[in-house]
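J.: any chance you can model this:
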Amino acid sequence: MKFVIESKADGTVGFTVVGGEGQLLATGAPCPDKGSALAVVGELMHGLGDACVEDRTDPAAGPVAGTRTETGDDMSDIGRSGIPPV
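T.: Presented below is the predicted three-dimensional model:
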């Protein structure tokens, strides 16, 4: 399972929850900016420790700090105040 965050045409940032087989599980409400979207995702991840974050807001940006990667880093223990600045 992963969270996919994307920039929307109206300037907001939205996110979806995608299952392991690529199925859409949920769509989050639009957030005013990427930091707000990451804060919501961070809160949701407390109960979903095996999820990762895929950032599609900036194609040139690398992985979000603290997200699950091939090295096994995990963002599930980061709370609202621990979300990295964007």
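J.: this protein: strands as residue ranges?
T.: According to DSSP state E, the chain carries its strands in the segments 2-7, 13-18, 24-27, 52-55.
J.: in JSON lines, list the ones you listed along with mean pLDDT and mean neighbour count.
T.: All C-beta spots, glycine's among them, are computed from the backbone N, C-alpha and C. Formatted as JSON lines, the strands of the chain follow (pLDDT from 0 to 100; neighbours: other Cβ atoms under 10 Å):
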{"stretch": "strand 2-7", "mean pLDDT": "90", "mean neighbour count": "19"}
{"stretch": "strand 13-18", "mean pLDDT": "91", "mean neighbour count": "20"}
{"stretch": "strand 24-27", "mean pLDDT": "90", "mean neighbour count": "11"}
{"stretch": "strand 52-55", "mean pLDDT": "78", "mean neighbour count": "20"}
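J.: CSV for these, including distance to Gly42?
T.: CSV is the format used below for the strands of the chain (distance: least, Cβ to Cβ, whole Å):
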stretch, distance to Gly42
strand 2-7, 10
strand 13-18, 11
strand 24-27, 16
strand 52-55, 9
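J.: relative to the lowest-mean-pLDDT helix or strand in the chain, what are the paired strands and their orientations?
T.: Ranking every helix and strand in the chain by mean pLDDT, DSSP states H and E puts strand 52-55 at the bottom, with a mean of 78. If you go by DSSP bridges, strand 52-55 pairs up with strand 2-7 (parallel).
J.: can you list contacts of the strand it pairs with?
T.: Residues outside strand 2-7 that contact it (Cβ atoms under 8 Å, 6 or more residues apart in numbering) are 13-18, 34, 37-38, 41, 44-45, 51-58.
J.: show me where this protein dips below the pLDDT cut-off.
T.: 47-51, 59-86 (pLDDT under 70).
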